[in-house]
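[1] any chance you could fold what I've pasted below:
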Amino acid sequence: MANIMNSLYNMRILDDLARQETVIHKLHPLMKLLTTVSYLTVVVSFGRYEIGGLLPFFIYPVMVFTLAELPVKPILLRILIVSPFIIGIGILNPFFDQQGYLLGGREISRGWITFLSILLKSGLTVTAALLLIATTGMDRLAGALRMMKIPRIFVLQLLLTYRYISVLMEEVARTLRAYSLRAPKQKGVHRSAWGSLAGQLILRTFDRAQRIYEAMCLRGFAGEYHTGGFKEIRAWDLSYFIGWVLFFAVARMYNIPMLIGSLITGVIK
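    Prediction:
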């Protein structure tokens with residue numbers, strides 16, 4: 001029961017973080033969305049053996065964390081949730097790609113380089129997506145998607161799915177609380193009740209979702225999820241977007257860590 005409530009709280013913490021009033025939070029949602037999309041595009045464009053070139057892209061999440069005054073732990077916990085899937089995808093690369101690669105005077109298989117590249121790219125992209133939600137919120141993010149002319153049905157589906165997850169978790173918490181009150185001495189749910197409990201849970205969530213939909217219709221919902229208007233895009237918003245895009249482009253075209261290493265080596269010599 002406690003785990004369910006913690007999960008529900010952890011789901012809503014991103015929305016709570018999005019209500020802050022920092023420099024990053026006050027930026028126009030469309031500019032933050034375009035910046036994140038540019039970041040994701042550039043990061044995934046790197047080859048499977050290009051690890052050094054990815055290092056400068058850690059600057060973006062670090063700067064957003066700092067300027068938005070976000071706690072690291074909640075974001076890190078969400079990254080760890082998807083890490084088993086990432087590891088499962090890349091762990092077989094060392095067995096299939098055993099061609100030698102010289103790294104720091106030692107020869108290792110290229111599969112390990114590929115595996116590390118997958119970890120880095122996945123970590124960077126997931127972090128960027130979470131930071132976008134934590135500094136913008138789903139409602140304003142949906143508004144930015146509509147400004148990009150994303151079809152209304154897709155944006156609405158995204159929002160309702162996001163909201164339905166919290167409704168489902170609340171119904172799970174209520175169902176488990178009722179079960180524990182009727183069987184106080186039993187730890188957890190007995191396997192004989194799993195089927196009926198799951199069926200009741202689905203029916204309860206459908207009924208709750210229907211009531212929510214009827215309430216939305218009574219408030220004028222006609223297929224368009226209105227998230228409120230946005231202020232005009234300011235010069236600072238454009239500067240934020242253009243500045244990061246220029247940095248991403250330079251970091252993609254040039255291997256900055258290698259250039260810095262060559263410069264230091266030349267100075268030493």
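[2] residue 19 in helix, strand or coil?
    At residue 19 the chain is in coil, as set by DSSP: H, G, I helix; E, B strand; the rest coil.
[3] I'd assumed residue 137 was in contact with it.
    Yes - using CB atoms under 8 Å, residue 19 is in contact with residue 137, at 7.3 Å. Yep, even glycine has a C-beta here, placed from its N, CA and C like the rest.
[4] more neighbours, those two?
    Just comparing residue 19 and residue 137: by other CB atoms under 10 Å the higher neighbour count belongs to residue 137, 20 against 8.
[5] how far away is that one from residue 28?
    With distances taken as CB to CB, to the nearest Å, residue 137 is found 13 Å from residue 28.
[6] list residues touching both of those two?
    Counting by CB atoms under 8 Å, 6 or more residues apart in numbering, residue 137 and residue 28 have no common neighbour.
[7] start and end of stretch 19-37, how far apart?
    Stretch 19-37 has an end-to-end distance of 22 Å (CA to CA, to the nearest Å).
[8] and stretch 139-155, by the same measure?
    One end of stretch 139-155 to the other measures 10 Å (CA to CA).
[9] and for stretch 40-52?
    OK, stretch 40-52 end separation, CA to CA: 17 Å.
[10] now for residue 47: which residues touch it?
    For residue 47, the contact set (CB under 8 Å, 6+ apart) comprises residue 117.
[11] need the pLDDT of it.
    Here the pLDDT value assigned to residue 47 is 82.
[12] and the one 4 residues further on, by the same measure?
    According to the predicted model, the pLDDT of residue 51 comes to 82.
[13] can you pull the contacts of it?
    113, 116-117, 120.
[14] could you dump those residues to CSV with secondary structure and distance to residue 166?
    Converted to CSV, the contacts of residue 51 look like this (DSSP: H, G, I helix; E, B strand; the rest coil; distance: CB to CB, whole Å):
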residue, secondary structure, distance to residue 166
113, helix, 41
116, helix, 36
117, helix, 35
120, helix, 32
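[15] narrow those to those that are buried.
    Among those, those classed as buried by 16 or more other CB atoms under 10 Å are 113, 116-117, 120.
[16] and which of the residues you listed is nearest residue 165?
    residue 120 (28.6 Å; CB to CB).
[17] so the closest one touches residue 54, yeah?
    Yes - in this structure residue 120 lies within contact range of residue 54 using CB under 8 Å: 5.0 Å.
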